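Enquirer: Mind looking at a prediction? Sequence and model below.
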Amino acid sequence: MKRNHYIITVLVLSTLLYSCKKDYLDVKTIKADISVEKLYANYTYVQQVVWNTYSYLPDGFANLDLEAASDNAESTNVNSRSQTYNYGIWNQYNNPDNAWLTNFNGIRQANEYLKNKDKVDISYIKGKITSTDSTAYFNARDNVKFMQGEVLFLKAFFYFELVKRYGGMPILEEPLDYSNKSSWDNIPRNSVDECVKYIATLCDKAGAIIPADLSPYSWYDDGRVTQGAIKALKAKALLYGASPLFKDNGSTTTWAQAAKAAHDVIALGKYQLDGNYTNLFGSNNAASKEFIFYRRYGAINYVEYYNFPIAFQNSIGNSITPSQNFVDDYEVVTSGNAVPFDWNNPAHAANPYANRDPRFAATVVYNGSLFKATNIETFTGGNSGLPKQNATKTGYYLSKWVNQSVDLVNATTANHTWSYFRYGEVLLNYAEAMFNAYGADADPEGYGMTALKAINTVRQRAAMPVITAVQLNQARIEHERNVELSFENNRLWDVRRWKKGVAYFNKPVNRIEITNTGATNTYVVKQLENRVFYDKMNWYPIPQSEIAKTHWAQNPGW
């Protein structure tokens, strides 16, 4: 590609609008073959370049099916890409999660901007200053500055998406034409440790540019990068860096560093848990003070067409359905105490959905649930059960993210917002890091919150009984993250960074078989399918097409 002519196309994404008041991504295509000098000198074009960089962020709802590549769910669609993972038939030649190209293209876009950012010309705006109003110029000046911070954050985000999948990646400061094989000559992979530190450094640089208090900048729209987003990304990257998979691959990040980074988000004082867990996944959730960084999709309905119980006309039945393994993870509250669900307990087995952690009903549609005022029957022969075509295979449907106000017959829509970072996750990140650094009930750095308090704060929001310091261990941390953060693109990566893939993913996924006799139901847990997972799968393999270009050593085991 000629360096003096950078061809850029700003994507027209009419339905994938990031949570901004203006439709920043719904823009016109910039004229092709415009010179770099003219492109980056034009203030309007530069803004569009930055908005387009946001478009490389993960599409949360499009990737919801990847939850079915974990022990949490099963896809009703037999052709789902999740089955490629579940059967263990993915490799360096066939990996349905095409994160490599998307994130490297995002990094390339970020590097192109960072290389040329100083070319932007806003002098024509200065020329319009009057004796009484210079607002437009100063706003443009600040916007140019802030856009640099945004792009640094986005670059860090794209690197994190790559590193959590593949391990060490090459740290690139110049835009690279990834389609050109010669561009990869003599470009080595950096270590996992170097990459984690680099992500943290990019976040620090972005944080030095984006002010903590954006209230004086009313033009800086909701959904753009904030201090909270920057610090949350850094905290999550350091949490991963301190985790077993990363430590075993050379990371020098400590749990204490991860705890401090999570504390830095909490200390901003800008975020709080939503009073109602269910509210986080409804149509008006973007207003929640729990959301730190999120993506607005506008008015859509494909989430509902795919995931409504099959009882509803026009439901496609291409559902991501919770597994029995996942359902069994929710505790039962009895006499003010929470206990693990146990099929060997006659009271539990006779009425398995009674008195469960309230997050269960907010996440899972089960036999007897009311959905759009309809009693959902997942028993054999029920209105949403087998053998109806496209009925759930597990005996459950997904409630989380699914908006019941949508009318599939009349094709109505509802606003949807996907959360990349929310305060509930930050508290759990903090709890895990603090526990591993200092134990359950210690706060030697004076942060004002122990690991135990952070866990219990999240539990109490869901009206769950508090736990004691004796009850807090690694297994409890894993449980709390799963019931709180399920179907939010965490399970696949949490299990890997813990090096627990074989324990969680290399075992059968179960379903519930319910027989209705009129007055009563009987419940039998049955195996749905075997799953395959090997230790080597904790890291993705480098695509073989990229190995051919880079000549890197493949990730171990592949």
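Expert: Here it is on my side, so go on. Numbers count the residues shown, from 1 in each chain.

Enquirer: so what's the residue positioned nearest the centre of the chain up against?
Expert: Closest residue to the average C-alpha location of the chain: residue 489 at 4.1 Å, with Cα atoms, centre = their mean. Under the criterion of Cβ atoms under 8 Å, 6 or more residues apart in numbering, the neighbours of residue 489 are 58, 60, 63, 66-67. Any C-beta I mention is one placed from the backbone N, CA and C, and that applies to glycine too.

Enquirer: On the pLDDT front, check it for me.
Expert: At residue 489 the predicted local distance difference test score is 97.

Enquirer: What helix or strand is it located in?
Expert: In this assignment (DSSP states H and E), residue 489 forms part of neither any helix nor any strand.

Enquirer: Redo the contacts of residue 489 as JSON lines? Include neighbour count.
Expert: As requested, the contacts of residue 489 are exported to JSON lines (neighbours: other Cβ atoms under 10 Å):
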{"residue": "58", "neighbour count": "17"}
{"residue": "60", "neighbour count": "19"}
{"residue": "63", "neighbour count": "15"}
{"residue": "66", "neighbour count": "21"}
{"residue": "67", "neighbour count": "27"}
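
Enquirer: now, among those residues, which is nearest to residue 269?
Expert: For the contacts of residue 489, the residue nearest residue 269 by Cβ to Cβ is residue 60; the value is 26.8 Å.

Enquirer: The longest helix anywhere in the chain packs against which elements?
Expert: Ranked by residue count, the top helix of the chain under DSSP state H comes out as helix 135-166. Under the contact criterion of 3 or more Cβ pairs under 8 Å, 6 or more residues apart in numbering; DSSP states H and E, helix 135-166 touches helix 43-54, helix 99-116, helix 123-126, helix 192-207, helix 227-242, helix 491-497.

Enquirer: These: lowest mean pLDDT?
Expert: Taking each of those in turn, the one with the lowest mean pLDDT is helix 123-126, at a mean of 84.

Enquirer: Kindly compare burial across the helices and strands packed on helix 135-166 and name the winner.
Expert: With neighbours defined as mean count of other Cβ atoms under 10 Å, these peak in mean count at helix 227-242, which reaches a mean of 26.

Enquirer: got the angle between the longest helix of the chain and helix 43-54?
Expert: Regarding helix 135-166 and helix 43-54, their directions subtend 20 degrees when assessed with axes from the mean of the first three to the mean of the last three Cα atoms, to 10 degrees.

Enquirer: Mind listing what's buried along helix 135-166?
Expert: Neighbour counts over helix 135-166 (16 or more other Cβ atoms under 10 Å) mark 137, 139-140, 143-144, 146-166 as buried.

Enquirer: what sits against the closest residue to residue 70 other than its chain neighbours?
Expert: Nearest in space to residue 70, with sequence neighbours left out and distances taken as Cβ to Cβ, 6 or more residues apart in numbering, is residue 491 at 4.4 Å. Under the criterion of Cβ under 8 Å, 6+ apart, the neighbours of residue 491 are 67, 70-72, 482, 485.

Enquirer: Apply 7 Å and report the result again.
Expert: Listed by Cβ atoms under 7 Å, 6 or more residues apart in numbering, the contact partners of residue 491 are 67, 70, 72, 482.

Enquirer: out of those, who's nearest residue 109?
Expert: Set against residue 109, the nearest of these by Cβ to Cβ is residue 67 (28.1 Å).

Enquirer: My read is that that closest one contacts residue 74, right?
Expert: No. Assessed by Cβ atoms under 7 Å, residue 67 is found out of contact with residue 74, at 9.6 Å.

Enquirer: Tell me how many other residues crowd residue 255.
Expert: By the other Cβ atoms under 10 Å criterion, the neighbourhood of residue 255 contains 20 residues.

Enquirer: Give me the pLDDT for it.
Expert: Residue-level pLDDT assigned to residue 255 equals 98.

Enquirer: What distance do you get for it to residue 363?
Expert: Counting by Cβ to Cβ, to the nearest Å, the separation of residue 255 from residue 363 is 29 Å.

Enquirer: now do residue 81
Expert: For residue 81, the distance to residue 363 under the criterion Cβ to Cβ works out to 22 Å.

Enquirer: show me where pLDDT drops low in the stretch 451-558 of the chain?
Expert: Residues of the stretch 451-558 of the chain that meet the criterion pLDDT under 70 are absent altogether.

Enquirer: which residue ranges form the strands in it?
Expert: Counting by DSSP state E, counting those that start in this stretch, the segments of the stretch 451-558 of the chain that form strands are 509-516, 521-529.

Enquirer: Need the winner for burial among those strands.
Expert: Among the strands of the stretch 451-558 of the chain, ranked by average contacts under mean count of other Cβ under 10 Å, first place goes to strand 509-516 (a mean of 20).

Enquirer: if we can go back for a sec, reformat the helices and strands packed on helix 135-166 as TSV; add distance to residue 354.
Expert: Formatted as TSV, the entries for the helices and strands packed on helix 135-166 read as follows, by distance: least, Cβ to Cβ, whole Å:
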stretch	distance to residue 354
helix 43-54	44
helix 99-116	41
helix 123-126	64
helix 192-207	44
helix 227-242	35
helix 491-497	26
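
Enquirer: nearest to residue 453, of these?
Expert: Closest approach to residue 453 among those (Cβ to Cβ): helix 227-242, 17.2 Å.

Enquirer: who's in contact with the closest one?
Expert: For helix 227-242, the external contacting residues (Cβ under 7 Å, 6+ apart) are 153, 156-157, 160, 164, 196, 199-200, 203, 206-207, 210, 212, 246, 251, 253-255, 257-258, 261-262, 264-265, 268, 270-271, 292-293, 421, 426, 429, 432-433, 497.

Enquirer: what distance separates that helix from the middle of the whole chain?
Expert: 13 Å (Cα atoms, centre = their mean, to the nearest Å).

Enquirer: Taking helix 135-166 as reference, get the angle to it.
Expert: Relative orientation of helix 227-242 and helix 135-166, computed by the same axes, to 10 degrees: 20 degrees.

Enquirer: Show me what secondary structure element comes after helix 227-242.
Expert: Tracing the chain C-terminally past helix 227-242 and defining elements by DSSP H and E, one meets helix 244-247 next.

Enquirer: if we can go back for a sec, just among the contacts of residue 491, which is most surrounded?
Expert: residue 70 (29 neighbours).

Enquirer: Spell out, range by range, the helices that occur in the stretch 351-500 of the chain.
Expert: According to DSSP state H, counting those that start in this stretch, the stretch 351-500 of the chain carries its helices in the segments 358-363, 423-438, 451-461, 474-485, 491-497.

Enquirer: in the fourth one, what counts as buried?
Expert: By 16+ other Cβ under 10 Å, the buried positions in helix 474-485 come out as 476-478, 480-485.

Enquirer: From the residues you listed, pick the one nearest residue 356.
Expert: Nearest to residue 356 among these, with distances taken as Cβ to Cβ, is residue 483, at 9.9 Å.

Enquirer: Setting the sequence-adjacent residues aside, check what's closest to that closest one.
Expert: Going by Cβ to Cβ, 6+ apart, residue 483 has residue 359 as its nearest residue, at 5.4 Å.

Enquirer: The one you found and residue 390, how far apart?
Expert: 27 Å.

Enquirer: In terms of neighbours, single out the busier of those two.
Expert: Remark: of residue 359 and residue 390, residue 359 carries more neighbours, 22 against 14, as counted by other Cβ under 10 Å.

Enquirer: Is it correct that the more buried one is in contact with residue 463?
Expert: No. At 9.4 Å, residue 359 and residue 463 do not qualify as touching, with contact defined as Cβ under 7 Å.

Enquirer: Can you show me the strands along the stretch 251-400 of the chain?
Expert: Under DSSP E, counting those that start in this stretch, the stretch 251-400 of the chain gives strands at 291-300, 320-322, 332-334, 337-339, 364-365, 370-371, 374-375, 397-398.
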